[in-house]
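Student: sequence unknown, structure follows:
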Ligand code: ZN
């Protein structure tokens, strides 16, 4: 699938979200923040954005409200996609995020999630909130987790999206974000996850200026589309505990490489 089609698909099915009121966070002191071989992420702050809330489809008015997205406005959020068997992207992203958070915390990181539940009676948070989530807490990076929904025969695999260079928005973070994107691509490849054969020229990387989740971040950020949920083979990986653990393990190793 070409880039335009990929973008349209993402827009229709898998719009990025955002969340945002930063909780008070005390930076770890030198004492507790000391990095060791056992805790290489001690003192580091990582924001994980687990895609769309499960209940978004129940709140169309709230979800369609326009919010700032980096020099323009966009709907607050979208419903996300699902497998052909009905497994929601929201639940996939939530479960991968929880495993990833656990792995990073075990390495000493302070981890903040943009949503703390996966429920039918909740919605959002909006893309502006998600985009800014790492800013006030001085996060070291923010990673947004999604599954794609490309209804194109044979389209499968993962891709990593980094922000384009946009003056006054992403100019300060786009180089580091690209570095993070390349590191995460390598980590997912090393884990045996196939690179997308339909997005961004097939090299597993895409650069976009239309995503509030990326545009509003003041810290290095990427969005990962870990697979195409409409593809049977990808769906098999994404709906299995083992598959999700493999995604989380790869993403965690990427975070450690980036921050190391
Ligand atoms: Zn999505």
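Tutor: Thanks, I have it. Just so it is clear, the model here is predicted, and its values are computed rather than measured.

Student: What parts of the stretch 51-200 of the chain come near the ion?
Tutor: Within the stretch 51-200 of the chain, the residues that sit near the ion (CB under 5 Å from the ion) are 51, 80, 146. Heads up, the C-betas are built off the backbone N, CA and C, glycines and all.

Student: Apart from its neighbours in sequence, what residue is nearest the first one?
Tutor: Closest residue to residue 51 apart from its sequence neighbours, by CB to CB, 6 or more residues apart in numbering: residue 93 at 3.2 Å.

Student: Which residues are in contact with the one you found?
Tutor: Residue 93 is in contact with 50-52, 80, 145-147, counting by CB atoms under 8 Å, 6 or more residues apart in numbering.

Student: host element of it?
Tutor: helix 89-106 (DSSP states H and E).

Student: Tell me the buried residues in that helix?
Tutor: 89-101, 103-104 (16 or more other CB atoms under 10 Å).

Student: rewinding a little: Throw the residues of the stretch 51-200 of the chain next to the ion into JSON lines and include pLDDT and secondary structure, thanks.
Tutor: As requested, those are exported to JSON lines (pLDDT from 0 to 100; DSSP: H, G, I helix; E, B strand; the rest coil):
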{"residue": "51", "pLDDT": "90", "secondary structure": "coil"}
{"residue": "80", "pLDDT": "96", "secondary structure": "coil"}
{"residue": "146", "pLDDT": "98", "secondary structure": "strand"}
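
Student: mind listing the strands for the stretch 51-200 of the chain?
Tutor: Taking DSSP state E, counting those that start in this stretch as the test, the strands found in the stretch 51-200 of the chain are 66-68, 73-75, 110-113, 141-148, 159-163.

Student: Between the ones you listed, which one is closest to residue 176.
Tutor: Nearest to residue 176, of all the strands of the stretch 51-200 of the chain, is strand 141-148, at 8.1 Å by CB to CB.

Student: Paired strands for the closest one, with orientation please.
Tutor: Using DSSP bridges, strand 141-148 pairs in its sheet with strand 45-49 (parallel), strand 221-228 (parallel).

Student: Including mean pLDDT, distance to residue 242 and mean neighbour count, could those strands go into a markdown table?
Tutor: Compiled in a markdown table, these are given as follows (pLDDT from 0 to 100; distance: least, CB to CB, whole Å; neighbours: other CB atoms under 10 Å):
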| stretch | mean pLDDT | distance to residue 242 | mean neighbour count |
| --- | --- | --- | --- |
| strand 45-49 | 98 | 20 | 26 |
| strand 221-228 | 98 | 14 | 30 |
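
Student: centroid residue for this structure?
Tutor: Centre of the chain computed as the mean C-alpha position; nearest residue by CA atoms, centre = their mean is residue 144, 1.4 Å away.

Student: give the contact list for that one.
Tutor: Counted by CB under 8 Å, 6+ apart, residue 144 has contacts 16-17, 49, 51, 130, 213-214, 221-224.

Student: residues in contact with residue 246?
Tutor: Contacts of residue 246 (CB under 8 Å, 6+ apart): 191-193, 237.

Student: What's the ChimeraX line that selects buried ones from those residues?
Tutor: This is the ChimeraX syntax for the buried subset of these, where burial follows 16+ other CB under 10 Å:
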select :191,193,237
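
Student: now, among the contacts of residue 246, which is nearest to residue 163?
Tutor: Residue 163 has its nearest neighbour among the contacts of residue 246 in residue 193, at 22.3 Å by CB to CB.

Student: excluding its backbone neighbours, what's nearest the closest one?
Tutor: Per CB to CB, 6+ apart, closest to residue 193 is residue 158, 5.3 Å.
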